[in-house]
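Novice: following is a predicted model, sequence given first.
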Amino acid sequence: MKWYSRGVLVVSLLGSAAVGLVVTNLGIAQGGVTLRVACGTVGSQQALCKSAADRWAAKTGNKVDVVPNVASSNERLALFQQQLSAGSSDVDVYQIENIWPGLLADYFVDLKEYVPEATIKEFFPSMIEADTVEGKLVDLPWYGDAGLLYYRKDLLEKYGFKKPPSTWAQLTSMATKIQQGERKDNSNFWGYVWQGAAYEGLTCDALEWIYSYGGGTIVDNKGNVTINNKNAAAALDMAAKWVGTISPKGVTTYSEEESRGVWQAGNAAFMRNWPYAFPLGNGDTSPIKGKFDVTVLPKGPGASGKNAATFGGHSLAVNRFSKNAKAAADLVVYMTSAEVQKERAIVGGYNPSRPVVYKDPEVLKASPFLGRLYKVFANAVVRPTTVTATKYPRVSEAFWNASNSVLTGKSNGAAALVALEDELKRIKGAKW
Amino acid sequence: MPLKNPRNPNRRYSLSAWRARTAWLLLTPSLLILVLVAAFPLFRSFQLSLFDVSILKFPLQLTWVGLDNYVALASDPRWWRSVWNTVVFTVISVGFETVLGLMIALLVHSEFKGRGLVRTAMLVPWAIPGVVSSQMWRWMFNDVYGVINDLFIKLRLIKTPMAWLAEPALVLPAIIAVDVWKTTPFMALILLAGLQGIPKELYEAARVDGASSVQQFWRITFPLLRPSLLVALIFRTLDALRVFDMIYIVAGTQIETISMSIYARQQLISFGLLGYGSAVSTGMFLILALYIAVYLVTLKVEVK
């Protein structure tokens, strides 16, 4: 209940403030400052973040603590909102997603005050632009993400397919055939796994289907609710047909790591996921090491069909309440430097936000697919965050719930989208 | 508990007046704490519910909207769905817990070898922190690698794996099953305490009079257990109406299972809507208050 949770909040804030005080004091006693960084946790992120942060700490004589975090993107946003709106200075540097600058801009420092103009120019200008809110540089871009189609080279060959599917219909028939064949030896084998749980990840997946069908981007650039259209409904109905046929029924509860679990165990022919699953799938203990590749996600049917990949970059921002904003900004610059990004690209498969890293021969050798990702990024579709601003979390929630209801068979595409249109208009009110 | 009225007819007498004063003095600290941790936040929450305020703006901007948030709440289908889910969850889970709890309490109340061990073992589900056991169940319910599917298939109860948490018709029953597993021990414990308070002589006398075990249960055990049963029911019902952690972890915020607390948290924290979220909290408070009022009235009847 309300007063209860408030009480807990107050107590925990006081508690963490006290801890923060002690930590800060210890930091001063050692000569440097102690920064706390909230990095992502999916895949190898936490380890990569820690090793880079430690190097910065050793170089500058400061100390960095990498604070544990939640994997689910919307849970992380909720947590960050809570900490920031309480004026907490516990975490100095936040790893945020490229859909959040518009939401959290008020709570981060303007990095233009700390980072030299020349450094800012070394990043992709489009990313810098996306991270600038009303003239304020909210964060420095760290890596770009986009939805990819993972496919098993060996299985495609085994069943006589020469190249990966270029339309969803092809994917469906290929997955069906491979699944039928593989089921003889492996009853847990599935054709296609993806992210169908009711959370931000489904918003990304469903947006890809709908956009590839020519069904738009939920809300258009002018702020009109465009989701209720035939193409969008057809896209959702297509995905609903996968559930229980080429995708496990439980896919409607899967997030990234659950789908990677099925895929990396060798139990799926295709997977939709972010680039991070590439190096993990090629790890030494991975049963599918060297047996798979990635490509762009398939097109929708007909002339309006196109490739689509939801764009999902991550970046680093400095808490406006941080007691060591200058040092924190310095850490952000280091973490996003070409040197660190090169390591992250080679070890973790994270797509650099600095063009120069793409030209590095070592990077291209270790991750040849990075070069190919250009094509994917060219087809990137952006979630309607800019236009819906602070209402985006509600828009996304309504969208993923509607999509999930179609996937679980509670509704069909057409009916769900009529209801979704109403709900989005209610959320929009007079204006976004 | 209603406070003892200090304005009793005896207050003219200095002794009782002094007693009343002492009583107030002793009560003051608890009253102050109550005001601080219950009344004040409740008031603040109500106050906030009259504003439109987003935590995403710094500094916070409060816009007075009067009762607009409540008007919106009354026509919010997701809110009413969460109320409905919570009530269904509460009625079914508390019902099962009561019946099973009573059976277990009767069982461990009887004399048998290793009773102490069984009584301790019985408490295990209740002793595991809710978040941990919920996560455990989430994994057990997984459609691909979950142990429940494996077990049911081996027992030939089902032929193909079920997606327990994905199937709209299965997810609420699955959650209720977890809650029954978790809180039946609590019911059993309170009822066991009640059973132990019933004098043995009554049963001896009944046996002498030739009453069967069934008669003994309905004529002695049940009536004398009633007070404990009521206490257990009240605690459990209040708890179930506030359910958050278990559902949130096992099923997230999906509409089939969203509870009032989860809905309030979603508005307040996920969406940062302090005003509307406070209105949701207040709505939830009113529903709980209604339940308590109904309960107090029935209890009064019961006591008379």
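Specialist: Looks like it came in fine.
Novice: going forward, measure contacts and count neighbours with C-alpha atoms only.
Specialist: Fine.
Novice: for the helix or strand harbouring A:Lys59, list every residue counted as buried.
Specialist: Under the criterion of DSSP states H and E, A:Lys59 resides in helix A:45-60. When neighbours are counted by 16 or more other C-alpha atoms under 10 Å in any protein chain shown, the buried residues of helix A:45-60 are found to be A:Gln46, A:Leu48, A:Cys49, A:Lys50, A:Ala52, A:Ala53, A:Asp54, A:Arg55, A:Trp56, A:Ala57.
Novice: from those, pick the one nearest chain B.
Specialist: Distance to chain B, by C-alpha to the nearest C-alpha, is smallest for A:Gln46 among these, at 21.8 Å.
Novice: show me what contacts the closest one?
Specialist: Taking C-alpha atoms under 8 Å, 6 or more residues apart in numbering or on different chains as the criterion, A:Gln46 is in contact with A:Cys39, A:Gly40, A:Val66.
Novice: not counting its neighbours along the chain, what's nearest the second one?
Specialist: Read it as A:Gly40. Closest residue to A:Gly40 apart from its sequence neighbours, by C-alpha to C-alpha, 6 or more residues apart in numbering or on different chains: A:Gln46 at 6.2 Å.
Novice: just the ones of the contacts of A:Gln46 in strands?
Specialist: Counted as lying in strands by DSSP state E, out of the contacts of A:Gln46, are A:Val66.
Novice: any chance you could map the helices in the stretch 51-200 of chain A?
Specialist: Per DSSP state H, counting those that start in this stretch, the stretch 51-200 of chain A carries helices over the ranges A:73-85, A:101-104, A:117-120, A:125-130, A:153-158, A:168-183, A:200-212.
Novice: right, so those: which one is the most enclosed?
Specialist: Of the helices of the stretch 51-200 of chain A, the one with the most neighbours on average (mean count of other C-alpha atoms under 10 Å in any protein chain shown) is helix A:200-212, at a mean of 26.
Novice: by contact count, what packs against that helix?
Specialist: Here helix A:200-212 touches helix A:73-85, helix A:230-242, strand A:309-310, helix A:392-407, going by 3 or more C-alpha pairs under 8 Å, 6 or more residues apart in numbering or on different chains; DSSP states H and E.
Novice: for these, which one ends up most surrounded?
Specialist: Most buried among these, counting by mean count of other C-alpha under 10 Å: strand A:309-310, with a mean of 28.
Novice: now do that one, average pLDDT.
Specialist: Average pLDDT, strand A:309-310: 92.
Novice: which elements pack onto that strand?
Specialist: Here strand A:309-310 touches helix A:200-212, strand A:380-381, going by 3+ C-alpha pairs under 8 Å, 6+ apart.
Novice: just give me the lowest mean pLDDT stretch among the ones you listed.
Specialist: Of all those, strand A:380-381 carries the lowest average pLDDT, namely a mean of 86.
Novice: wait, A:Tyr276 touches A:Gly43, no?
Specialist: Yes: at 6.6 Å, A:Tyr276 counts as touching A:Gly43 under the criterion of C-alpha atoms under 8 Å.
Novice: which one of these two has more residues nearby?
Specialist: A:Tyr276 (20 against 17; other C-alpha atoms under 10 Å in any protein chain shown).
Novice: what's the local residue count around the nearest residue to that one once chain neighbours are set aside?
Specialist: What sits nearest to A:Tyr276 in space, not counting adjacent residues and going by C-alpha to C-alpha, 6+ apart, is A:Gly349, at 5.3 Å. The number of residues packed near A:Gly349 is 26, by other C-alpha under 10 Å.
Novice: ok, now which ones touch A:Gly349?
Specialist: A:Pro275, A:Tyr276, A:Ala277, A:Phe278, A:Pro279, A:Ser367, A:Leu370.
Novice: next: A:Ala235.
Specialist: Per C-alpha under 8 Å, 6+ apart, neighbours of A:Ala235: A:Trp209, A:Ile210, A:Tyr213, A:Gly300, A:Gly413.
Novice: how many residues are close by the closest residue to chain A within the stretch 201-304 of chain B?
Specialist: The stretch 201-304 of chain B approaches chain A most closely through B:Ser270 (4.7 Å), counting by C-alpha to the nearest C-alpha. Close neighbours of B:Ser270, defined as other C-alpha under 10 Å, add up to 22.
Novice: that one contacts A:Tyr392, correct?
Specialist: No: judged on C-alpha under 8 Å, B:Ser270 makes no contact with A:Tyr392 at a distance of 10.8 Å.
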